[in-house]
Structure formats: C-alpha cells, structure tokens
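Student: give the three-dimensional model of this entry:
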Amino acid sequence: MTRKIVGGYSEGMQDVVVIEDPAAAEVSLDPIRARLLAELSEPGSATSLAAKVGLPRQKVNYHLKALEAHGLVEMIEERRKGNVNERIMRATAASYVISPTALASVQPDPSRSPDNLSASWLLAVAARLVRDVGALIKGATQARKRLATFAIDGEVRFASAADRAAFAEELAGAVSALVAKYHDQSAERGRDHRIVVAVHPSMKDKS
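Tutor: Have a look, this model is predicted:
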C-alpha cells in the first residue's frame with residue numbers, strides 16, 4: 001500500500017509514501033531527520049530516540065516537530081510521565097520516495113529525447129512513472145477507490161550482447177502485438193493506460 005504526502009498526515013503506517021512537496025523532500029533528506037525516520041519504524045518518544053541517536057532530547061524534539069509538520073511522522077499516543085506528557089511518535093511509512101514533482105522546474109521529460117536505448121531516457125521514463133503513480137494514488141485515495149496497477153519484475157542473464165539485442169527486439173514485437181490486439185480507440189467508456197517495459201543491468205545486493 002502506498003500514499004502520497006502533500007502536507008498533513010493520515011493515520012496508519014504505510015509501506016511507501018511518495019513525497020511531492022519540495023519542503024517535505026528537503027526535510028526528509030536531512031541526515032539526522034532521515035535517521036529519526038528510520039528509527040521511528042517502531043513507535044518511540046523524543047527521550048528514547050535521544051538515547052539511540054546520541055543527541056539531546058530538546059534537539060530531537062526540534063527535528064521531530066519539523067518532520068511532523070510535513071506529515072512524515074505522527075503522534076500515536078500521549079503518555080503521562082511524571083509531570084510531563086510524553087508524545088509517542090511513529091513514521092507515517094516504512095520508506096519514502098521523492099517524486100520528480102518536488103523539483104518541477106528541472107524534472108526529466110521523456111519527450112525531450114525519446115531514445116529507447118538511452119539510459120537517460122530510461123531514467124526520465126522512470127521519473128515520470130513515480131510522478132504519475134503518486135498522483136493516481138492521491139486521486140484514488142480521495143475517491144475511496146482501488147487503483148488498478150500491474151508490474152512484472154525479474155532477471156534474465158544474456159550470454160552475449162547479440163542475445164540481449166535479439167531479446168529486446170522480440171520483446172518489443174510481443175508488446176506491440178498485444179497493444180494492437182487490445183487497444184480500442186473507439187471505446188467511449190474505455191480508459192487509457194501507460195505501458196512501461198525496461199531492461200537494464202542488474203545491481204548486486206551490497207547488504
């Protein structure tokens with residue numbers, strides 16, 4: 001499950017939050033605040049966090065307020081501890097993705113150089129995917145409707161560059177055939193869908 005943060009917050013931790021607000025993106029990229037977000041995958045207070053990150057409680061509180069103001073953390077409980085009320089906080093998501101919308105004036109545009117063999121073009125397409133899916137999630141959430149999506153993720157090992165090129169050609173042909181089979185421009189109640197198919201070298205897991 002995914003949700004978008006544009007200011008404010010909603011209840012319940014999500015798997016992924018898509019950030020499109022530039023100010024929220026800036027807050028999330030601060031190293032200390034990013035560490036606090038990671039620690040708050042489990043609920044915690046400023047006091048408990050201070051011990052984990054080695055900072056004074058007052059400074060942790062300062063950073064928590066900045067994160068809370070942009071909907072990146074939320075209070076889930078308030079406990080009485082001595083003469084003070086202790087606020088128990090939790091991150092609003094297990095992980096975060098910054099949408100290209102946060103850098104609207106310089107976000108990549110796939111239409112500028114549509115070369116399907118270009119790594120730069122692949123990045124532009126991927127950036128558009130993050131931006132568009134984030135916007136779709138927001139609309140579906142507001143309308144209280146499910147968002148229909150589909151993705152395939154896998155790996156293939158090519159024996160040679162020639163095999164890779166042949167694979168790409170066959171894949172393009174198969175996708176084109178499916179599009180020709182199912183595309184119905186005359187369908188008045190139909191809805192357009194974008195198709196993204198990508199092939200790139202795998203990265204080794206460093207963990």
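Student: only C-alpha atoms from now on, for both contacts and neighbour counts.
Tutor: Noted.
Student: what are the boundaries of the helices in the protein?
Tutor: Taking DSSP state H as the criterion, the chain carries its helices at 22-29, 31-39, 46-53, 57-69, 119-143, 161-182.
Student: list the contacts of the fifth one.
Tutor: Going back to what we said before, that points to helix 119-143. Defining contact as CA atoms under 8 Å, 6 or more residues apart in numbering, one finds that helix 119-143 is touched by 2-4, 18, 99-101, 107-110, 113-116, 146-147, 196, 198.
Student: try 7 Å this time
Tutor: 3-4, 18, 99-101, 108-110, 113-115, 146-147 (CA atoms under 7 Å, 6 or more residues apart in numbering).
Student: what does the third one give?
Tutor: Residues outside helix 46-53 that contact it (CA under 7 Å, 6+ apart): Pro56, Arg57, Val60, Asn61.
Student: Ile88 bridge partners, please.
Tutor: Judged by DSSP bridges, the bridge partners of Ile88 are Glu77.
Student: spatially central residue in this protein, please.
Tutor: For the chain, Val97 is the residue whose C-alpha lies nearest the centre (CA atoms, centre = their mean; 3.0 Å).
Student: quick one: closest of the helices of the chain to Gly82.
Tutor: Of all the helices of the chain, helix 46-53 sits nearest to Gly82, with 13.4 Å by CA to CA.
Student: just the buried residues of the closest one, please?
Tutor: For helix 46-53, the neighbour count (16 or more other CA atoms under 10 Å) marks Ala46, Thr47, Leu49, Ala50 as buried.
Student: now do it and helix 57-69, the angle between them.
Tutor: Orientation of helix 46-53 against helix 57-69 (axes from the mean of the first three to the mean of the last three CA atoms, to 10 degrees) gives an angle of 110 degrees.
Student: need the CA coordinates for helix 46-53. PDB is fine.
Tutor: In PDB, the C-alpha atoms belonging to helix 46-53 read as follows (Å, rounded to 0.1, in the frame of the first residue of the first chain):
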ATOM      1  CA  ALA A  46      12.000  12.000  22.000                       C
ATOM      2  CA  THR A  47      13.600  10.600  25.100                       C
ATOM      3  CA  SER A  48      14.100   7.100  23.700                       C
ATOM      4  CA  LEU A  49      15.200   8.500  20.300                       C
ATOM      5  CA  ALA A  50      17.800  10.800  22.000                       C
ATOM      6  CA  ALA A  51      19.500   7.800  23.600                       C
ATOM      7  CA  LYS A  52      19.600   5.900  20.200                       C
ATOM      8  CA  VAL A  53      20.900   8.800  18.100                       C
END
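Student: quick one: low-confidence ranges for this protein?
Tutor: For the chain, the stretches with pLDDT under 70 are 1-12, 206-207.
Student: number of residues surrounding Leu36?
Tutor: Neighbour count for Leu36, taken as other CA atoms under 10 Å: 25.
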